[in-house]
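Visitor: Have a look; sequence and predicted model below, questions after that.
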Amino acid sequence: MKHFHFIRGFALALCLLFAAGCTQAENHAPEVSEAVENNMPEVGQPVENYEPDVEEADEEYTPDAGHSDEEYAPEVGQPGKDVVWVPTPQALVDSMLDMAKVTSSDYVIDLGSGDGRLVITAAKRGATALGIEYNPDLVELARRAAMKEGVGARATFKKADIFESDFSQATVITLFLLSSLNLQLRPTILDMKPGTRVVSNSFDMGEWEPDQTKTLEEPSAWHTAHLWIVPAKVDGTWKLDDGQISFVQTFQNVAGTMTIGGEIMELTGKLDGDRISFNAGGREYVGTVSGGTISGTYDGGSSWTATR
């Protein structure tokens, strides 16, 4: 009987130990289950390609606030403040700067500079150049391009409205705007220093005829450039030592009369910046306009001077 009680007690102790072990295993089981479940490959995912979530999370890239993985890339025809954006072909950019005879002594301002290619090309020729552009993304794109091309010091850009900007110090103005916009800018341009060169991609200035037009033999819709040279203002009456000149000016063209010793002679001529040339009474007159004075020669030798 004693042996029976001993065996029953021993069996009971084993049962208690087993029960305790089962309870401990059950308490630990959810952690194991969760770990396995979280790391199981998805259905159909090859086991050999499977990477644990922990490693994937460690390698995942999270961009900083404001960071973009893609650099801004403008699209041809995208809308802008005044016109859609269409880039000028590089061949025409070169031709426009050739027409304006841009050198290292020039200050070139591009009104509506887009991706900056004209400004950058002018800077590569040694000129100081500024691009005025309303789209801030294009401004930053152009700045990066200028730095990449090594002309960031000479080619600068600013975000601004061309109609509210002062570009009076430029020696060369470049444009790729509609004719209607050119006409809005025309009065301001005509008030610039005589001799300022203005070059436009394709679009004209209305009644102000270009001094030169060039069309490239390129398979592009944009292959024509127009050049204007801002003329001095001579309209009105000028006094001579023995008479007077009355100029009627229409942009770079002049007409009118010259009166010498009571003889009235009709004249026709042209302005090229501050230089004037005209024919009157069978004589060829050339001169330079400087403020209220014109001085020059006629018939290749004799001098003449006119004052306001």
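Guide: Thanks, I have it. Computed from a prediction, not measured in an experiment: that's the story for all the values here.
Visitor: give me the low-pLDDT residue ranges for this structure?
Guide: Counting by pLDDT under 70, the chain contains low-confidence residues at 1-70.
Visitor: okay, now the domains of it?
Guide: 90-229, 236-307 (automatic domain parsing).
Visitor: Buried deepest among those domains, which one?
Guide: Scoring those by mean neighbour count under mean count of other CB atoms under 10 Å gives domain 90-229 as the most buried, with a mean of 18. Every C-beta, even on glycine, is put in place using the N, C-alpha and C of the backbone.
Visitor: still on that earlier bit, any chance of the domains of the chain in a markdown table, with distance to residue 75 too?
Guide: What follows is the domains of the chain, written out as a markdown table (distance: least, CB to CB, whole Å):
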| stretch | distance to residue 75 |
| --- | --- |
| domain 90-229 | 11 |
| domain 236-307 | 38 |
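Visitor: Nearest to residue 72, out of those domains?
Guide: domain 90-229 (4.8 Å; CB to CB).
Visitor: From one end of stretch 204-213 to the other, what's the distance?
Guide: 10 Å (CA to CA, to the nearest Å).
Visitor: scratch that, stretch 223-239 is what I was asking about
Guide: Stretch 223-239 has an end-to-end distance of 46 Å (criterion: CA to CA).
Visitor: quick one: that stretch to chain centroid distance?
Guide: Relative to its chain's centre, stretch 223-239 lies at 27 Å (CA atoms, centre = their mean, to the nearest Å).
Visitor: Mind jotting down where the strands sit in the stretch 201-308 of the chain?
Guide: Using DSSP state E, counting those that start in this stretch, the strands found in the stretch 201-308 of the chain span residues 212-215, 224-229, 236-240, 243-250, 253-260, 263-272, 275-280, 283-290, 293-298, 302-307.
Visitor: Nearest approach to residue 74 belongs to which of those?
Guide: strand 224-229 (22.1 Å).
Visitor: who are the neighbours of the closest one, in terms of helices and strands?
Guide: helix 90-99, strand 197-201, strand 212-215 (3 or more CB pairs under 8 Å, 6 or more residues apart in numbering; DSSP states H and E).
Visitor: For these, give me JSON lines that also has distance to residue 163.
Guide: Compiled in JSON lines, the helices and strands packed on strand 224-229 are given as follows (distance: least, CB to CB, whole Å):
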{"stretch": "helix 90-99", "distance to residue 163": "22"}
{"stretch": "strand 197-201", "distance to residue 163": "16"}
{"stretch": "strand 212-215", "distance to residue 163": "26"}
